[in-house]
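1. Sequence first, predicted coordinates after that:
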Protein chains: 2
Amino acid sequence: MNSSLSPKEIVKEIVSNKEVTSIVFVGCGASKADLYPAKYFLDQNAQKLRISHFTANEFNYATPSSIDEHTVVISASLGGTTPETVQANAVAKEKGATVISLTRSVDSPLTKDADYVIYHRFAENYAAKLEKTGYCLQLAVELLNQVEGYVHYDKMMDGFHKIYDLSQESAEGARLQAKQFAQRFKDEKVIYVMSSGATHEVAYSTSICLMMEMQWINSGTFHAGEFFHGPFEITDKDVPFILLMNDGRTRPIDARALTFLDRFDAKTEVVDALDWGLSAHIAKEVLDYFNPFVITAVFRVYAEELAEARQHPLTKRRYMWKLEY
Amino acid sequence: MNSSLSPKEIVKEIVSNKEVTSIVFVGCGASKADLYPAKYFLDQNAQKLRISHFTANEFNYATPSSIDEHTVVISASLGGTTPETVQANAVAKEKGATVISLTRSVDSPLTKDADYVIYHRFAENYAAKLEKTGYCLQLAVELLNQVEGYVHYDKMMDGFHKIYDLSQESAEGARLQAKQFAQRFKDEKVIYVMSSGATHEVAYSTSICLMMEMQWINSGTFHAGEFFHGPFEITDKDVPFILLMNDGRTRPIDARALTFLDRFDAKTEVVDALDWGLSAHIAKEVLDYFNPFVITAVFRVYAEELAEARQHPLTKRRYMWKLEY
């Protein structure tokens, strides 16, 4: 297991030793969602690489028959102990795949069957919480560039140089809006969350983790484009929605949902990457892929304030860390 | 546009004219979900084909750069008028892709840019409602078999011969359980739905269409493997869950969720493919891919009874069919 290399160096070493044909992203919950921007980037830009994305036990129990030595499995677990994801590394290894794992926990079980490990930070500040997503996206960019070539590589690298500071500053500037959100939403019984593009699974993790897991608030989530094909019938005056708006190509999808929500007086909170200056800092050709960073950072502050207003700490659990399941 | 060919003949004609490297599934809402078993089958079994699955406007606004003449786009829309999916066909066509569309509506807008159309039934009986999913899965099996070869092809064909009758009979036998379910769940304010494997997006469409769209009941949905990574913290005595249990490789994932729900006295309704004899009829090597059929047919009866018990017809809408949006 090698944990001393950068994403670029890891990919360089892999592609110098084998032909890479498939990239498989594997994780659980928020860590699964954190892999999504990289998966989305490759779905958008790869010409030949095969791309897939699984919750870990799906990968373990119904392992794709194509997993072999030409596969790179990228897995993530914040604490490095998620049993399903640890098992996925073993399954991938047994099939001959190259395994790259992201975790903040040095020498954790996740690192055991990984060929390469990238240690990321988390608790230090808002930007640190984005490193898992960021390193994974960097791996995706390197894989694409080194296997197929990628015309906007330099613009992506420039984005990586800027996105952490921009996200940290955005989060620090969001406190007042976050407090207002918390007061508006603290007594809600059900809160829906939606987005599109690279931010689709930020909406997902906001719903299943920040709302359901950390606040015990009922929640549902769907792609903003799917809103009009079922979920929108639940829309009515004062029904609560959080819309994570992208700046970039899928903005019209999010904007259409907002127009509908406003038309029927839903109780809508918008967190908009445009408000936080994303397009002033990131080249338009790669703008889409950096939305999840700013939006995740800003919404973390919203979640903190919601927890404070509800007197329900984000760390409070009924089951996790307390029992075997 | 050719609408006279079988899935096998369509694929034969395509692969005799070009190399096929990518299969892209595009739809909205229930029609997006109906494509999922085919997508799942190919994720599981393809060695070289590239596979992706999009809600239509995501495909339209952020079209993958790889779409070209070697791509087969498979799209679906029940009535053939879904604007985003009609537009997706035009986008795919403009990029040179071969377009196969599934609809029940002869000469509908969806057929305009399609190279091939498969007309399916819907309203005739419970089995007819499965034809969209079934033809799509047949296309996937033919694409795999004719492009790469597929060792269990005959077992899949045998499955297709049996699954419609089995699903129809299962639905017809489910009335009593469905009435009991309806009485138990008719006053619930929030109902969660989960599953795994090929049935993952049956849970999704059950949540966003049958619950939210057709009953205006709040709902959330997630993979049964993801339940333990966030959503399970919402579990408590009498919290309502619908678990769509697969017979096959991902059954342990569903069973683990059930054990947890039972342990904390959640209000759980299980629709289990095993109870309806799936494994008595379908070869074990291909069992996984037929779960969505039986479960969809049976749950349709549950939805009918829920609508009856709540005096809220499945066809009642606030917005759809009533206004422009």
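-> Good, I have the coordinates. Keep in mind the model is a prediction, meaning the values are calculated, not measured.
2. ok, now how distant is A:Val270 from B:Val11?
-> 45 Å (C-beta to C-beta, to the nearest Å). The way it works is simple: take the backbone N, C-alpha and C, and place the C-beta from them, glycine included.
3. for A:Cys136, same thing?
-> For A:Cys136, the distance to B:Val11 - C-beta to C-beta - is 36 Å.
4. average pLDDT for the strand or helix carrying A:Ala203?
-> Assigned by DSSP states H and E, A:Ala203 belongs to helix A:200-205. In this model, helix A:200-205 has a mean pLDDT of 98.
5. what packs against it?
-> helix A:29-45, strand A:190-195, strand A:218-223, strand A:240-245, helix A:291-310 (3 or more C-beta pairs under 8 Å, 6 or more residues apart in numbering or on different chains; DSSP states H and E).
6. And the ones you listed: which comes nearest chain B?
-> helix A:29-45 (2.7 Å; C-beta to the nearest C-beta).
7. tell me the phi and psi of A:Thr250?
-> phi -90, psi 10 (degrees, to the nearest 10).
8. What is the neighbour count of A:Phe264?
-> 16 (other C-beta atoms under 10 Å in any protein chain shown).
9. Can you name the residues that contact it?
-> A:Thr235, A:Asp236, A:Lys237 (C-beta atoms under 8 Å, 6 or more residues apart in numbering or on different chains).
10. what number of residues lie near the residue of the stretch 151-300 of chain A found nearest chain B?
-> Per C-beta to the nearest C-beta, A:His229 is where the stretch 151-300 of chain A lies closest to chain B, at 2.7 Å. The tally of other residues near A:His229 (other C-beta under 10 Å) stands at 29.
11. same deal with A:Gln47?
-> For A:Gln47, using other C-beta under 10 Å, the count is 17.
12. And A:Met1, by the same measure?
-> Residues near A:Met1, counting by other C-beta under 10 Å: 12.
13. Please tell me I have it right and A:Val271 contacts A:Asn246.
-> No - judged on C-beta atoms under 8 Å, A:Val271 makes no contact with A:Asn246 at a distance of 10.4 Å.
14. Mutual contacts of the two, please.
-> A:Ile295.
15. ok, those two, which is more surrounded?
-> Comparing A:Val271 with A:Asn246 by other C-beta under 10 Å, the one with more neighbours is A:Asn246, at 32 against 27.
16. Helix or strand with the lowest mean pLDDT in chain A?
-> helix A:278-281 (a mean of 95; mean pLDDT, DSSP states H and E).
17. quick one: that helix to chain centroid distance?
-> 20 Å (C-alpha atoms, centre = their mean, to the nearest Å).
18. So what's the residue count around the closest residue to A:Tyr40 other than its chain neighbours?
-> With sequence-adjacent residues excluded and distances taken as C-beta to C-beta, 6 or more residues apart in numbering or on different chains, A:Tyr40 is closest to A:Ala198, at 4.6 Å. Using other C-beta under 10 Å, A:Ala198 is surrounded by 30 other residues.
19. A:Ala198 belongs to a helix?
-> Yes - using DSSP: H, G, I helix; E, B strand; the rest coil, the assignment for A:Ala198 is a helix.
20. I am assuming it contacts A:Ile295, so please confirm or correct that.
-> No - the criterion here is C-beta under 8 Å, and A:Ala198 misses it with A:Ile295 at 9.6 Å.
21. so what sits against both of those two?
-> A:Asn246.
22. hmm, back to that, now do the same contact list for the residue of the stretch 151-300 of chain A closest to chain B.
-> B:Cys28, B:Gly29, B:Ala30, B:Ser31, B:Lys32, B:Thr55, B:Thr82, B:Ile208, B:Cys209, B:Glu213.
23. Near chain A, list only the ones from these.
-> When contact is defined as C-beta under 8 Å from any C-beta of the partner chain, these meet chain A at B:Cys28, B:Gly29, B:Ala30, B:Ser31, B:Lys32, B:Thr55, B:Thr82, B:Ile208, B:Cys209, B:Glu213.
24. what residue ranges in chain A are flagged as low confidence?
-> Under the criterion pLDDT under 70, no range of chain A is flagged.
25. Domain map for it?
-> By the assignment in automatic domain parsing, chain A contains the domains A:7-150, A:172-310.
26. before we move on, which element is A:Gln177 in?
-> Secondary structure (DSSP H and E) places A:Gln177 in helix A:175-185.
27. quick one: is that helix near chain B?
-> No - Helix A:175-185 stays clear of chain B (C-beta under 8 Å from any C-beta), getting no nearer than 15.3 Å.
28. Could you list the buried residues of that helix?
-> A:Gln177, A:Ala178, A:Lys179, A:Phe181, A:Ala182, A:Phe185 (16 or more other C-beta atoms under 10 Å in any protein chain shown).
29. where's the fourth one relative to A:Glu169, distance?
-> Here A:Phe181 is placed at a distance of 19 Å from A:Glu169 (C-beta to C-beta).
30. Show me which residues of the stretch 151-300 of chain A are close to chain B?
-> Residues of the stretch 151-300 of chain A lying near chain B (C-beta under 8 Å from any C-beta): A:189-190, A:196-197, A:205, A:207-209, A:212-214, A:216, A:218-223, A:225-226, A:228-236, A:249-250, A:252-253, A:256, A:260, A:263, A:288.
31. Any of those residues buried? List them.
-> A:190, A:196-197, A:205, A:207-209, A:212-214, A:216, A:218-223, A:225-226, A:228-235, A:249-250, A:253, A:256, A:260, A:288.
32. The closest residue to A:Val15 other than its chain neighbours: what's it in contact with?
-> Distances taken as C-beta to C-beta, 6+ apart put A:Gln146 closest to A:Val15, at 5.0 Å, once the chain neighbours are dropped. When contacts are counted by C-beta under 8 Å, 6+ apart, A:Gln146 touches A:Val11, A:Lys12, A:Val15.
33. what about the second one, which SS state?
-> Think A:Lys12. helix.
34. For it, list the residues it contacts.
-> So A:Lys12 contacts A:Glu142, A:Gln146 (C-beta under 8 Å, 6+ apart).
35. Over to A:Ile208. Which of the three states is it?
-> Quick answer, by three-state DSSP: A:Ile208 is helix.
36. quick one, phi/psi of the closest residue to it other than its chain neighbours?
-> Leaving out its chain neighbours, the residue that sits closest to A:Ile208 by C-beta to C-beta, 6+ apart is B:Gly230, at 3.7 Å. Backbone torsions of B:Gly230, given as degrees, to the nearest 10, read phi 150, psi -70.
37. Tell me how far B:Gly230 lies from B:Thr98.
-> 40 Å.
38. if we can go back for a sec, show only the entries of the contacts of A:Phe264 found in helices.
-> Here DSSP state H is the test, and these give no hits in helices at all.
39. Just the residues you listed: which are in strands?
-> Taking DSSP state E, every one of those sits outside strands.
40. Is it possible to get CSV of the residues you listed that adds distance to A:Glu304?
-> Shown next, in CSV, are the contacts of A:Phe264 (distance: C-beta to C-beta, whole Å):
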residue, distance to A:Glu304
A:Thr235, 28
A:Asp236, 29
A:Lys237, 28
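41. quick one: which of those is nearest A:Lys284?
-> If you rank the contacts of A:Phe264 by distance to A:Lys284 using C-beta to C-beta, A:Thr235 comes first, at 31.9 Å.
42. what about that closest one, distance to B:Ser219?
-> 14 Å.
43. Then A:Ala178?
-> 27 Å.
44. Then A:Ala283?
-> 40 Å.
45. Spit out the contact partners of the residue lying closest to A:Ile67 once chain neighbours are set aside.
-> Leaving aside its sequence neighbours, A:Ile67 sits nearest to A:Lys95 (C-beta to C-beta, 6+ apart; 4.3 Å). The neighbours of A:Lys95, taking C-beta under 8 Å, 6+ apart as the test, are A:Thr63, A:Ile67, A:Asp68, A:Thr71.
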